[in-house]
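Q: requesting a structural model of the entry that follows:
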Amino acid sequence: MTSTAHRTEVDETLRLVLAVARLGEVDLKGWWRSHGVDRSGSFVLRRAFPRSWAAAGLELDLLSATRRHADALSRRSTALHLFSDELPFRHWASAGVVRQLDGTTRAPVAWDHFVGVSSSAAG
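A: Purely as a prediction, here's the structure:
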């Protein structure tokens, strides 16, 4: 696999992980009852982090998803989930958030894609 093809796969995986994390917010499916980039979250985070509120909100979504999955599977010590520490996906997504914040490297995800999602668009 070429370096470009691998980078494309990682970028697509990053998009999917962030999409699942966003989908779990209260305004969509409500799986983890978080407000990272929904209307409430953006109201608070825009004031605290004017330039990086969306990235901060998505990081909160990742943390909420990780916690919810860990709690749900706590009795199964060998169970893995999308946000498990033993798998690279959450780490890739968090690294993507950092790349977006530091602005020194290409961020593979446009935050606007996740911020603008409504419950009707999410299905």
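Q: quick check: Val44 vs Asp38, distance?
A: Separation of Val44 from Asp38 (Cβ to Cβ, to the nearest Å): 10 Å. For every residue, glycine as well, the C-beta is placed using N, CA and C.
Q: more neighbours, the two?
A: Neighbour tally, Val44 and Asp38, criterion other Cβ atoms under 10 Å: the higher count belongs to Asp38, 20 against 13.
Q: would you agree the more buried one is in contact with Lys29?
A: No. Contact status for Asp38 versus Lys29: not in contact, 11.6 Å apart, counting by Cβ atoms under 8 Å.
Q: okay, the one residue sitting closest to the centre of the chain: pLDDT?
A: Centroid-nearest residue in the chain: Leu18, 3.2 Å away (criterion: Cα atoms, centre = their mean). Predicted confidence (pLDDT) for Leu18: 90.
Q: what element comes up after the helix or strand harbouring it heading to the C-terminus?
A: Taking DSSP states H and E as the definition, one finds Leu18 inside helix 3-23. Scanning forward in sequence from helix 3-23 by DSSP H and E, the next helix or strand is helix 39-48.
Q: what lies in contact with that next one?
A: Taking contacts as Cβ atoms under 8 Å, 6 or more residues apart in numbering, the residues outside helix 39-48 that touch it are 25-27, 34-37, 53-54, 56-57, 60, 115.
Q: in it, what's buried?
A: For helix 39-48, a neighbour-count test (16 or more other Cβ atoms under 10 Å) marks Gly41, Ser42, Leu45 as buried.
Q: where does the second one land on pLDDT?
A: Which is Ser42. Ser42 is assigned 92 on the pLDDT scale.
Q: same thing with the one 3 residues further on?
A: Among the per-residue scores, Leu45 holds a pLDDT of 94.
Q: also Arg33?
A: With respect to pLDDT, Arg33 has a value of 90.
Q: now do the same contact list for it.
A: Arg33 touches Val26, Ser64, counting by Cβ under 8 Å, 6+ apart.
Q: phi, psi of it?
A: phi 50, psi 40 (degrees, to the nearest 10).
Q: please apply the same query to Asp38.
A: As for Asp38, its main-chain torsions (degrees, to the nearest 10) stand at phi -70, psi -170.
Q: since that was my last question, I'll sign off now.
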